[in-house]
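J.: Please find the sequence and the predicted model below.
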Amino acid sequence: MTLNQHQFLWLATVFEGGLVLIAYLLGTWLSIDPLEHLKPDLNALVLGLMGTLPLYGLFILSHRLDIAQDIRRFLVDKLGGLLAGCSGIGLLYLGLLAGVTEEILFRGLLQPWLEQDWGWLGGLIFSNMIFALLHWITPLYALLAGLCGVYLGLMLDIGPERNLLTPILVHALYDFLAFIAVAQMWRQQHGSPDHQA
């Protein structure tokens, strides 16, 4: 069965939205507000925009290396057609959806919770081990996802005070740019013209 853009976006919304529900249910049980450190702040906005550049640069570099061939093939084969069928607005929505929901769960809830018993470094490491396991496609992909998660966890504390907005922006913009790149790779392989927004 082939999904159209609306079905794909709906399924992504249900799945990613479920992460927020999990974050709130666990947060209620653990007495942690996953949005406690989300603050509108110009500094966090600038750090989020700037923080996307090194992560996306590593994405470009990793896709040019032979060791990432299996990951590239998987992403293009499994997601490329779905992403290529989305408009630019659809890809932006998917990036924002993943950035907001995954960061609420991992950096808003799990990292602070694990810090209570394991300290700042333990919270950073253990929350991103979970992040890596949940992104397991291949061992290398899981490793790269875990390292990206550590980077996002560091972005949580990069400014003068902890702010969830920074990793949300980095994650959302990175995913948006990566989705565009994967869709373009799929189009190049299949000789399809660029989708219009």
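T.: Thanks, I have it. None of these values were measured; they are calculated from a predicted model. Residues are numbered from 1 along each chain as shown.
J.: Low-confidence stretches in the protein?
T.: Residues of the chain that meet the criterion pLDDT under 70 lie in 1-2, 192-197.
J.: what about residue 138, how many neighbours?
T.: The number of residues packed near residue 138 is 12, by other C-beta atoms under 10 Å. Any C-beta I mention is one placed from the backbone N, CA and C, and that applies to glycine too.
J.: what about the closest residue to it other than its chain neighbours, which helix or strand?
T.: Ranked by C-beta to C-beta, 6 or more residues apart in numbering and with sequence neighbours excluded, the top spatial neighbour of residue 138 is residue 70, at 5.6 Å. According to DSSP states H and E, residue 70 maps onto helix 69-74.
J.: counting contacts, what elements does the following helix or strand past that helix pack onto?
T.: Past helix 69-74, further along toward the C-terminus, the next helix or strand under DSSP H and E is helix 81-84. When contacts are defined as 3 or more C-beta pairs under 8 Å, 6 or more residues apart in numbering; DSSP states H and E, helix 81-84 sits against helix 165-190.
J.: residue ranges for the strands of the chain, please.
T.: Counting by DSSP state E, the chain has no strands at all.
J.: if we can go back for a sec, I'd say the residue nearest to residue 138 and residue 140 touch.
T.: Yes - counting by C-beta atoms under 8 Å, residue 140 is a contact partner of residue 70 at 7.3 Å.
J.: Quick check on residue 135: phi, psi?
T.: Main-chain torsions, residue 135, degrees, to the nearest 10: phi -110, psi 20.
J.: What about it, how many residues nearby?
T.: Residue 135 has 17 neighbours, counted by other C-beta under 10 Å.
J.: Could you do residue 159 as well?
T.: Residues contacting residue 159 under the criterion other C-beta under 10 Å number 17.
J.: what about it, distance to residue 67?
T.: 34 Å (C-beta to C-beta, to the nearest Å).
J.: Repeat that for residue 76.
T.: Look at residue 76 and residue 67: by C-beta to C-beta, they are 16 Å apart.
J.: For those two, indicate the residue with more neighbours.
T.: residue 76 (23 against 8).
J.: OK, contacts around the nearest residue to residue 152 once chain neighbours are set aside?
T.: Leaving out its chain neighbours, the residue that sits closest to residue 152 by C-beta to C-beta, 6+ apart is residue 167, at 4.2 Å. Contacts for residue 167 (C-beta atoms under 8 Å, 6 or more residues apart in numbering) come out as 48, 103, 107, 152, 153, 155, 156.
J.: quick one, what contacts the fourth one?
T.: Under the criterion of C-beta under 8 Å, 6+ apart, the neighbours of residue 152 are 103, 106, 107, 167, 170, 171.
J.: Pipe the residues you listed into JSON lines and attach distance to residue 187 per row.
T.: Output for these, formatted as JSON lines (distance: C-beta to C-beta, whole Å):
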{"residue": "103", "distance to residue 187": "29"}
{"residue": "106", "distance to residue 187": "31"}
{"residue": "107", "distance to residue 187": "33"}
{"residue": "167", "distance to residue 187": "30"}
{"residue": "170", "distance to residue 187": "26"}
{"residue": "171", "distance to residue 187": "24"}
